[in-house]
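Enquirer: what's the 3D shape of this:
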Amino acid sequence: MTRRQRFLQRTRTRLFSKGAPDYILLALIVGLVLFGLVMVYDASVIVASETYGDQFRFLKLQAIWVAVGSCAFAFTYLFDYHNYPKLIVPAIITTIILLVLVVIAGPAIFGSRRWFDIGVVNIQPSELAKLTFTVYLACWLARQKQRSGSLKEAFRDHLKTELLPFAFILFAICFLIIIEPDLGTTAVVGFTALAVYFISGTDALHTLGSMFIVAVMGVLGVIAAIISPYRATRVTTFLETIKTGYAPDPWISGYQINQVLIAIGSGGLFGIGFGESRQKFFYLVGNSAFTDTIFAVYAEEFGFLGDLVLVLAFLMFISRGLKIARNAPDRLGSLLATGITVWIGLQAFLNIAANIALGPLTGIPLPFFSYGGSSMVVILAGVGILLNVSKSTSHVN
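Expert: Sure, this is the predicted structure:
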């Protein structure tokens with residue numbers, strides 16, 4: 001047997017020795033990624049042509065990131081997820097160091113320090129935090145044992161071994177992200193962590209601890225929105241838009257949300273047609289037409305029915321992910337699948353909600369669609385873990 005044949009045999013064994021992945025979920029993800037590439041080209045073609053003289057510039061860059069993300073997907077899909085507890089501590093420490101460094105030394109872009117500028121690409125540590133923190137919590141909480149003894153002893157044990165350590169690392173990471181500042185990513189990281197923490201326990205103390213963390217995070221979120229002028233303006237603009245149907249100060253603070261609503265309203269029931277968006281002609285601020293507000297361009301071109309199809313696609317993703325979590329062969333697999341599903345699903349619906357004025361615009365990318373390397377690579381790596389768990393499950397389908 002030649003070296004090439006041995007390599008192919010080993011690869012085939014690793015791919016199928018634990019069963020097949022959830023092919024429905026895999027097909028859905030492939031479809032979303034490929035159509036996302038089409039939408040990146042469609043939404044960016046005007047900016048790319050006028051600014052860089054190359055209508056395919058952002059499509060080519062996004063295709064490179066999809067290729068890199070596909071390599072990350074292949075690794076996390078093939079790598080046995082039971083080995084993550086051995087590797088996750090160095091990974092989460094590295095993530096925290098990067099979050100500290102980006103706040104201290106990262107370039108200020110539109111008043112925020114969220115990225116490391118490396119040549120033609122920007123690396124965003126907070127995107128990495130979504131994955132590493134989710135995996136870290138799953139590995140840590142999967143090791144926790146059922147408490148026994150008196151109520152006092154159980155409460156003391158829960159406080160010492162779970163609630164306080166969880167609260168400490170959660171607030172540390174959320175603090176580092178929110179001071180970048182990035183309230184949207186903080187919300188995604190925080191509520192994903194809470195979901196993993198909540199389902200990891202079944203007793204009343206665990207539930208009360210989860211409710212306490214939710215309350216504290218809610219209070220801190222309100223404070224963060226109030227003490228920061230730009231966040232307060234966004235919240236005020238959002239509330240006024242909900243109340244009147246039209247954002248105040250349409251040429252300054254309310255400009256972007258008004259343009260987004262014009263795009264969505266113009267789409268009507270069936271849309272104005274693929275490639276026909278008018279809002280991508282520099283009406284949407286900066287590069288947001290193919291990043292944060294790409295959903296608005298999609299809605300303008302495909303209309304309400306197209307929006308419904310996309311929402312149903314993300315609901316199917318959530319349904320398949322939670323089914324994988326329920327049928328996972330062990331606690332670690334269940335927590336990993338839950339965390340990744342909640343993270344990607346929550347991010348999708350927060351983005352869509354912001355684009356239809358059901359939430360303030362926060363700069364959260366739409367999974368599989370928005371242009372951006374860090375987000376695409378990390379999400380595909382997370383999906384690889386999710387399908388890794390699914391192939392270890394006997395009856396996903």
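
Enquirer: switch to C-alpha atoms for all contacts and neighbour counts from now on
Expert: Noted.

Enquirer: mean confidence score for the lengthiest helix in the chain?
Expert: Counting residues, the longest helix found in the chain (DSSP state H) is helix 294-327. Across helix 294-327, the average pLDDT comes to 96.

Enquirer: just checking, what packs against the helix or strand following that helix?
Expert: Once the chain leaves helix 294-327, the next helix or strand it forms, by DSSP states H and E, is helix 331-355. With contacts taken as 3 or more CA pairs under 8 Å, 6 or more residues apart in numbering; DSSP states H and E, helix 331-355 sits against helix 125-142, helix 183-199, helix 255-267, helix 294-327, helix 373-391.

Enquirer: Glu184 - nearest residue in space that isn't next to it in sequence?
Expert: No Glu there; residue 184 is Gly. Closest residue to Gly184 apart from its sequence neighbours, by CA to CA, 6 or more residues apart in numbering: Thr362 at 5.1 Å.

Enquirer: contact partners for the closest residue to Pro107 other than its chain neighbours?
Expert: Distances taken as CA to CA, 6+ apart place Arg113 nearest to Pro107, at 5.8 Å, with adjacent residues excluded. If you count contacts by CA atoms under 8 Å, 6 or more residues apart in numbering, Arg113 has them with Val102, Val103, Gly106, Pro107, Glu180, Pro181.

Enquirer: considering those, which possesses the most neighbours?
Expert: Sorting the contacts of Arg113 by how many neighbours each has (other CA atoms under 10 Å) puts Val102 first, at 25 neighbours.

Enquirer: and that residue, what element?
Expert: Per DSSP H and E: Val102 is located in helix 84-105.

Enquirer: pull out the buried positions in that helix.
Expert: For helix 84-105, the neighbour count (16 or more other CA atoms under 10 Å) marks 84-85, 88-89, 91-92, 94-96, 98-103 as buried.

Enquirer: in its sheet, which strands sit next to whichever helix or strand comes after it, and in what direction?
Expert: Next helix or strand after helix 84-105 toward the C-terminus (DSSP H and E): strand 116-118. Sheet pairing of strand 116-118 (DSSP bridges) gives strand 121-123 (antiparallel).

Enquirer: quick one: mean pLDDT for the partner strand?
Expert: 76.

Enquirer: follow-up on the earlier one: summarise which helices and strands the helix holding Val102 is packed against.
Expert: helix 125-142, helix 164-178.
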